[in-house]
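[1] When you get a sec, could you give me coordinates for this:
(one chain, ligands or ions: 2)
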Amino acid sequence: MTTALHSKDTTTALVAFSAALVTATAATTYLLTTRYEQSKERARAWKQYQREKLLKEKTAEARKTMKEPSSGTLIDDVFIDKVFLWECQDLRKSFASANVANHMHFQYETIHPLASTALQRKNSTEIITQYNKLITDHECILGDIVRKPNKQTNTVAYMRAGPRRYLHFDPAQVNAAIVTCGGLCPGLNNVIREITKSLYQLYAIGGKVYGIRGGYRGFWDPELEPVELTLDLVENIHHGGGTVLGSSRGGFDLDKILDFVRDRKISQLFVIGGDGTHRGAFRIHEGCIERGYNVAVAGIPKTIDNDVDYIDQSFGFQSAVEAAQVAIRSAKTEAVCNLPNGIGIVKLMGRSAGFIAAHSTMASSDVDLCLVPEVPVVLDGETGCLPHLMRRVKQQGYAVVVVAEGAGEEVLGTSTEVDASGNKKLPAIGEFMKKSIEEYFKKHGETATVKYIDPSYTVRTVPANAADSLYCMQLAQNAVHGAMAGYTGFSVGLCNNRMVLLPIPELVATSPRSMNARGRTWERVIGLTRQPNTVPELEEGKVDPKDNQPTPH
Ligand SMILES: Nc1ncnc2c1ncn2[C@@H]1O[C@H](COP(=O)(O)OP(=O)(O)OP(=O)(O)O)[C@@H](O)[C@H]1O
Ligand SMILES: O=P(O)(O)OC[C@H]1O[C@](O)(CO)[C@@H](O)[C@@H]1O
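    Ligands and ions are numbered 1, 2, ... in the order given. Got it, this is the predicted structure:
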């Protein structure tokens, strides 16, 4: 009995002891884990503190050692207080990164000097150099470089484009795709070529570069099987206008595009197009993130209309302006040589922005009347363009007119028809102006000999000139640098004459942009043509909304 009692006591004691042990172990584990977490947190906070301290010290040191310029007056009414960086999305924050050091690869023919295929050339590659200029995280270009006394004291800034020290993607694993969408533009082939070359030659990617044919529909249309872009294939394409891949409007199907990206294991997608194309590119980027695809989507802004906001100029624009000079010269010759009262009209592209018309007018300096969508067309009366033309013809015997295709909505009305992308179709302003001029002269007892030239697609199908070719090369290389570093949902461009990466949502929010009718460009145009200015006066006390915009257009 006593033994039984003893053993019961022992069991109870043992149970109690075990329970106490479990509780103690749990408590100790909890304590240790909490302590461990706390110490980890402290270490993290300490590291962060040290980093911030170091940055502050470095900034203070930089401030101390910063020399004031040897000349210049210190002014006290212009400030830059805060800089707000437009950061592009970074795949390294959401996906495991390959974190490969960035070596510049250089094609160097050592083994096969006569190698003709891409494979032979690849086999003879040697790494002979590294970048000597790598861009750091917060290196930026100020957006708002025009500062006015006692006005804005903050500025946005753009991420500086260029090669980064570490790559998010392991080049050996990269497959890329390139697509061109929307209207044609000089330089498209240059960009396709340079992206392909940068991927293969600067980064020595191990995968393929697919050329998507015929715009967005090329991702899914069985008639438009993608083409594999090789160095051999792209070698001479920049000498021709247009796009070797083909382009189109409409045909955007997000799910099918994402399926293509998945099936072909694409990790970098390069989308070349205007504001519509960029809206599509951003949806592809969002779709990739939603589906968990580690894919960099990079835009390269393309439009001869020059209507993508923030960038100094879109590629191909200068070539188009140059091509338009031929038509303007012809119009002048026709006007001068055809009596009586010769008038030459040239219609140029520009759906909602008159940049091509305005810049072509300024470049030629032979134009007497320039009509753009941003400035109301007034036919008759004190500020009318028809009496102005008659005056010019009386003074010099002839007149030259440049008209943008989107001008004159106020006299012609807005069309309700749209194209496959939803862009409105435009009424025939060129023909309307020809008829109006003839009727006006007739009404005043005169005959006008009007010659109408519509160079139309010839202006945008020329190969890129030297300046545009150089620009295309810079855009393409920087798009590849950005994608390799792991940025996505971004576009590249020249802003304030420096190459930058721009977040697509910011880019499309205010695109298509139009010319500032109260800006310097229009002032220069009317200074040359001497036409009456029909831009309405600003109401008393109102500020022109375009007055503070970063780009000086
Ligand atoms: N909001 C959008 N979402 C998805 N795709 C779009 C969107 N807007 C346009 N797209 C697609 O982008 C492509 C090009 O658009 P669009 O024809 O308007 O030319 P763009 O890129 O603006 O260039 P351009 O200056 O030549 O007009 C088309 O395939 C169109 O379907
Ligand atoms: O006839 P398409 O090819 O649709 O293109 C015409 C439009 O494309 C643009 O050139 C822009 O790319 C506009 O200036 C013009 O209105």
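
[2] For the stretch 301-450 of the chain, which residues are neighbours of ligand 1?
    Neighbours of ligand 1 within the stretch 301-450 of the chain, by C-beta under 6 Å from any ligand atom: 303, 305, 421, 423. No exception for glycine: its C-beta is placed from N, CA and C like everyone else's.

[3] doesn't residue 141 make contact with residue 155?
    No: using C-beta atoms under 8 Å, residue 155 is not in contact with residue 141, being 10.3 Å away.

[4] Run through the residues of this structure sitting next to ligand 1.
    Near ligand 1, when you scan the chain using C-beta under 6 Å from any ligand atom, you find 181-183, 215-216, 249-252, 273-277, 279-280, 283, 303, 305, 421, 423.

[5] redo that, cut-off 8 Å
    Contact residues (C-beta under 8 Å from any ligand atom) of the chain with ligand 1: 181-185, 215-217, 248-252, 254, 273-280, 283, 302-305, 307-308, 351, 419-423, 512.

[6] which ones among those come in contact with ligand 2?
    Among these, the residues lying close to ligand 2 (C-beta under 8 Å from any ligand atom) are 182, 183, 184, 185, 249, 274, 303, 304, 305, 351, 419, 423.

[7] Apart from its chain neighbours, what residue comes closest to the last one?
    When the adjacent residues along the chain are set aside, residue 423 lies closest to residue 351, with 6.5 Å between them (C-beta to C-beta, 6 or more residues apart in numbering).

[8] per-residue pLDDT, the one you found?
    Note on residue 351: pLDDT of 88.

[9] Can you give me the neighbour number for it?
    Neighbours of residue 351 under the rule other C-beta atoms under 10 Å: 19.

[10] Confirm it sits in a helix?
    No: per DSSP: H, G, I helix; E, B strand; the rest coil, residue 351 lies outside any helix segment and is coil.

[11] quick one: the lengthiest helix in the chain to chain centroid distance?
    Assignment by DSSP state H gives helix 2-65 as the longest helix of the chain. When distances are taken as C-alpha atoms, centre = their mean, to the nearest Å, helix 2-65 is centred 51 Å away from the chain's centroid.

[12] Same check on stretch 168-179?
    What separates the centre of stretch 168-179 from the centre of its chain is 20 Å, taken as C-alpha atoms, centre = their mean.

[13] Going by proximity to ligand 1, name the top residue of the stretch 1-150 of the chain.
    Closest contact between the stretch 1-150 of the chain and ligand 1, by C-beta to the nearest ligand atom, is at residue 89 (17.9 Å).

[14] so what's the one residue in the stretch 101-250 of the chain that gets nearest to ligand 2 closest to, chain neighbours aside?
    Checking the stretch 101-250 of the chain residue by residue against ligand 2 with C-beta to the nearest ligand atom singles out residue 183 as nearest, at 2.6 Å. With sequence-adjacent residues excluded and distances taken as C-beta to C-beta, 6+ apart, residue 183 is closest to residue 460, at 6.7 Å.

[15] neighbours around that neighbour, how many?
    26.

[16] interface residues of the stretch 451-553 of the chain facing ligand 2?
    Near ligand 2, when you scan the stretch 451-553 of the chain using C-beta under 8 Å from any ligand atom, you find 457, 460.

[17] Report the secondary structure state of whichever residue of the stretch 451-553 of the chain sits closest to ligand 1.
    As assessed by C-beta to the nearest ligand atom, ligand 1 sits closest to residue 512 within the stretch 451-553 of the chain, at 7.3 Å. What three-state DSSP gives for residue 512 is coil.

[18] Counting neighbours, what do you get for it?
    With neighbours defined by other C-beta under 10 Å, the count for residue 512 comes to 18.
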